[in-house]
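S.K.: when you get a sec, could you give me coordinates for this:
(chains A, B, C and D)
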Number of protein chains: 2
Amino acid sequence: MSSIMKSGRRLDEDPVTKDGAEITKVKTLADLGKIAGVTAGTVSRALAGSELVNKRTRERILALAHEHGFQLNQIASKLRSKRTGMIGVVIPLGHERNQHISDPFFMTLLGHLADEITERGYSIVLERAIPEEKPDWLDRICGSGMVDGVILIGQSNQFATIERIAETYRPLVAWGSYQEGQLHCAVGTDNRAGGEIAARRLLAGGATRLAFLGETTGVEIAERFAGVKDVADEVGASLVHLPCHMSFELMTGELESLLAQHDGDFDGIIAASDLIAMTALKVLYGLGKRVPEDVQVIGYDDLPLAAQTMPPLTTIHQDISGGAREIVQRLQSAIAGRDVASLVMAPKLIERETTRGLA
Amino acid sequence: MSSIMKSGRRLDEDPVTKDGAEITKVKTLADLGKIAGVTAGTVSRALAGSELVNKRTRERILALAHEHGFQLNQIASKLRSKRTGMIGVVIPLGHERNQHISDPFFMTLLGHLADEITERGYSIVLERAIPEEKPDWLDRICGSGMVDGVILIGQSNQFATIERIAETYRPLVAWGSYQEGQLHCAVGTDNRAGGEIAARRLLAGGATRLAFLGETTGVEIAERFAGVKDVADEVGASLVHLPCHMSFELMTGELESLLAQHDGDFDGIIAASDLIAMTALKVLYGLGKRVPEDVQVIGYDDLPLAAQTMPPLTTIHQDISGGAREIVQRLQSAIAGRDVASLVMAPKLIERETTRGLA
DNA sequence: TTGAAAGCGCTAACAG
DNA sequence: CTGTTAGCGCTTTCAA
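M.R.: Next up is the predicted model:
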């Protein structure tokens, strides 16, 4: 790595007042109490804004706290009160090993979750889990005592593990799909319906031979594919499944050979994600295919990016911010000890320019 | 929100063995110690893999721990040992108010940071800070006692705040730019050089009128602009600055009116980010401009996405994963009490198809 | 090699 | 209204 180093400058460790008196940093409630002439208990109550403590004393303590830059030791507070105020947000990397957190869909969801969680006064402990390497990934997180609840950004291929944990650990909500009778709370869209909508739209635009792009290892994608297949079977359209990775880096080459190889097998593509769709657009262009004239394309997710492709991408919209809100809301209920139900939202077709006008 | 609700099923709270005896969950070291016939101290040592405890006892304890699914209470452990094992990763949202974490550059960086941090056995506390709302955002994070160190994903417009904190809080590393003599440790690329490289490339491709796309509120972008300006001034090329937001959602409309309005003012565009470049590509297409024949475009960052635009984007590469590694490495040194220097990496031109062949 | 004991910094009864 | 007291669950001397 080509680089230039710049050196930092050294700092005094112990600050000293102008008149030379040592300042011993106020680190504990007792320290502050000593200055204020009260005990730690009172300071604790004052800082918590308790009505129990005299208004004047309280204000004096608050002022002193501010003046000395005092901050509560969160660890001690959490240990004692048994409320951590933290929520574990974990990204299970089940079937995309040796890869980092980067899926834009998950990142967008994470962004919205962060907003919701922060707004409710919780902190976020972010975990990247690789189930294949540590089968007890979820137990560790749930049992760490570090978090009041856990959010799973996707179920990956860990449905069974999540179900098992849910038997004993309640404050857990996952983004993902809902299977009849499942134990854990999931929030997501109806992927099967999404697949159906996409397939029907392609057919309505005149397609007769469909292709589905994406690996079906994860439940959600598998359901999208199932939806597509239902429709294809129903109307007797052909359908090829072209599995490819879900990240830009891994997908491009695959897609090039896959699409070139199956050239002519399809005139309508349903991509498992907008990312795949975007790459497909580019590969198709390289193959000399016109979109949507020769081949129609539909994406999935409706990420901001989908509106910026060329041509702009028709796609299946998932309400990510609404979903994030629901997830955090449900988790908070669960933390409060209430029983929470799963939520299956309806997907929505967003018409842009990679599909043909209706016949 | 259109939705279907599915109800979860209720669970027993107290598991009972087949023979009816109550299982009281093993929650503390003392609990486990009682079962193993030793004290909490010994269990603690055993679990820590200490050589001090007899191998056979240790193995027995380990087996028992596993059998009962025992997990150490992290909070208590951290309080006592005064090592939290957590690193605060904060995204300062200085000049993009009312917006969530979603900038793909930051998200990509976050992904790599998460990898590095996890690999070193730390956990991540993710914070989204809005300095405008809470001027003491950084003090709160650094003083919370929750983290051993802090990583800032970007300096935003908070350079001064960061410098102030750095006077007393050492384990802090930021992604961003380095200013002569600065106190806090920063890792980033030479943005001015990046701007220069981009401008020269456009000029070499025959451009004579440059446009810079992006708001220059943040230090990094401002430096990129400065680099461009240096070159423009040097060769007497014209340069317009077209400020626009950095996120897809906010940028599109702006860019449409900006580019339409300045049509003819430029034949070479330097975008402050790949995102802006991608949107510009689309807007330009709508305006009937050919890229690179009529207008050349250069992006910044070299995100995975840059290779997938149409045409594929020429851009200035920043080594995000290398940067993440350096950041975490430096932070770890700083946590260990060592003094760490800033790092300025060299940017690199990636030639793709939005610039013209050299004359 | 293990036990006993002290205490991390805080909160929450319980008294007064 | 405030002080006293007793831990939260763990780690780590110090003794044995």
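S.K.: host element of A:G227?
M.R.: Counting by DSSP states H and E, the element that carries A:G227 is helix A:219-235.
S.K.: same check, this time on A:T252
M.R.: Short version: A:T252 belongs to helix A:248-261, going by DSSP H and E.
S.K.: tell me the contacts of the nearest residue to A:D267 once chain neighbours are set aside?
M.R.: Nearest residue to A:D267, sequence neighbours excluded (Cβ to Cβ, 6 or more residues apart in numbering or on different chains): A:A207, at 4.9 Å. For glycine as for every other residue, the C-beta is placed from the backbone atoms N, C-alpha and C. Contacts for A:A207 (Cβ atoms under 8 Å, 6 or more residues apart in numbering or on different chains) come out as A:237, A:266-268, A:296.
S.K.: just the CA trace of stretch A:73-87, in CSV.
M.R.: The C-alpha coordinates for stretch A:73-87 follow below in CSV (Å, rounded to 0.1, in the frame of the first residue of the first chain):
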residue,chain,number,x,y,z
ASN,A,73,-20.4,4.3,34.1
GLN,A,74,-22.9,2.5,31.9
ILE,A,75,-21.5,-0.9,32.6
ALA,A,76,-22.0,-0.7,36.3
SER,A,77,-25.4,0.8,35.8
LYS,A,78,-26.5,-1.9,33.5
LEU,A,79,-25.1,-4.7,35.7
ARG,A,80,-27.0,-3.4,38.7
SER,A,81,-30.3,-2.5,37.0
LYS,A,82,-30.3,-5.6,34.7
ARG,A,83,-31.4,-3.5,31.8
THR,A,84,-28.7,-3.2,29.2
GLY,A,85,-30.5,-0.7,26.9
MET,A,86,-28.8,-2.4,24.1
ILE,A,87,-30.2,-4.4,21.1
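S.K.: so that stretch, near chain B or not?
M.R.: Yes - judged by Cβ under 8 Å from any Cβ of the partner chain, stretch A:73-87 comes into contact with chain B through A:73-76, A:78-79, A:84, A:86.
S.K.: buried ones in that stretch?
M.R.: Under the neighbour-count criterion of 16 or more other Cβ atoms under 10 Å in any protein chain shown, stretch A:73-87 has A:73-79, A:84, A:86-87 buried.
S.K.: equivalent analysis for stretch A:174-190, please.
M.R.: Neighbour-count burial for stretch A:174-190 [16+ other Cβ under 10 Å]: A:174-179, A:182-190.
S.K.: counting contacts, what elements does whichever helix or strand A:A198 is part of pack onto?
M.R.: Element membership for A:A198 (DSSP H and E) is helix A:191-204. Contacts defined by 3 or more Cβ pairs under 8 Å, 6 or more residues apart in numbering or on different chains; DSSP states H and E place helix A:191-204 against strand A:209-213, helix A:219-235, strand A:268-271, strand A:296-301, strand A:314-317, strand A:348-350.
S.K.: B:I141 is nearest to which of these?
M.R.: Nearest to B:I141 among those is strand A:296-301 (32.1 Å), distances taken as Cβ to Cβ.
S.K.: follow-up on the earlier one: buried stuff in the helix holding A:G227?
M.R.: A:219-225, A:227-229, A:231-232.
S.K.: I'd like the mean pLDDT over it, please.
M.R.: For helix A:219-235, mean pLDDT is 96.
S.K.: next: stretch A:266-279.
M.R.: Across stretch A:266-279, the average pLDDT comes to 96.
S.K.: how far does that stretch sit from the chain's center?
M.R.: Chain-centre distance of stretch A:266-279: 22 Å, with Cα atoms, centre = their mean, to the nearest Å.
S.K.: check stretch A:64-74 too.
M.R.: That offset, for stretch A:64-74, works out to 34 Å (Cα atoms, centre = their mean).
S.K.: now what about that stretch, what contacts it?
M.R.: Residues outside stretch A:64-74 that contact it (Cβ under 8 Å, 6+ apart) are A:25-29, A:31-32, A:35-36, A:43, A:47, A:85, B:79, B:139-140, B:143-146.
S.K.: restrict those to contacts with DNA strand D.
M.R.: Near DNA strand D, judged by Cβ under 7 Å from any atom of the strand, the entries from the contacts of stretch A:64-74 are B:L79.
S.K.: mind giving me the ChimeraX select for the contacts of stretch A:64-74, buried ones only?
M.R.: Per 16+ other Cβ under 10 Å, the buried members of the contacts of stretch A:64-74 correspond to this ChimeraX selection:
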select /A:26,29,31,32,35,36,43,47 /B:79,139,143,144,145,146
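S.K.: domain ranges for chain A?
M.R.: Annotated domains of chain A cover A:5-80, A:86-189+A:320-346, A:191-318 [automatic domain parsing].
S.K.: same question for the shortest one, mean pLDDT?
M.R.: Averaged across domain A:5-80, the pLDDT comes to 79.
S.K.: nearest residue to whichever residue of the stretch 151-300 of chain A sits closest to chain B other than its sequence neighbours?
M.R.: Nearest residue of the stretch 151-300 of chain A to chain B: A:F248, at 3.8 Å (Cβ to the nearest Cβ). Closest residue to A:F248 apart from its sequence neighbours, by Cβ to Cβ, 6+ apart: B:P304 at 3.8 Å.
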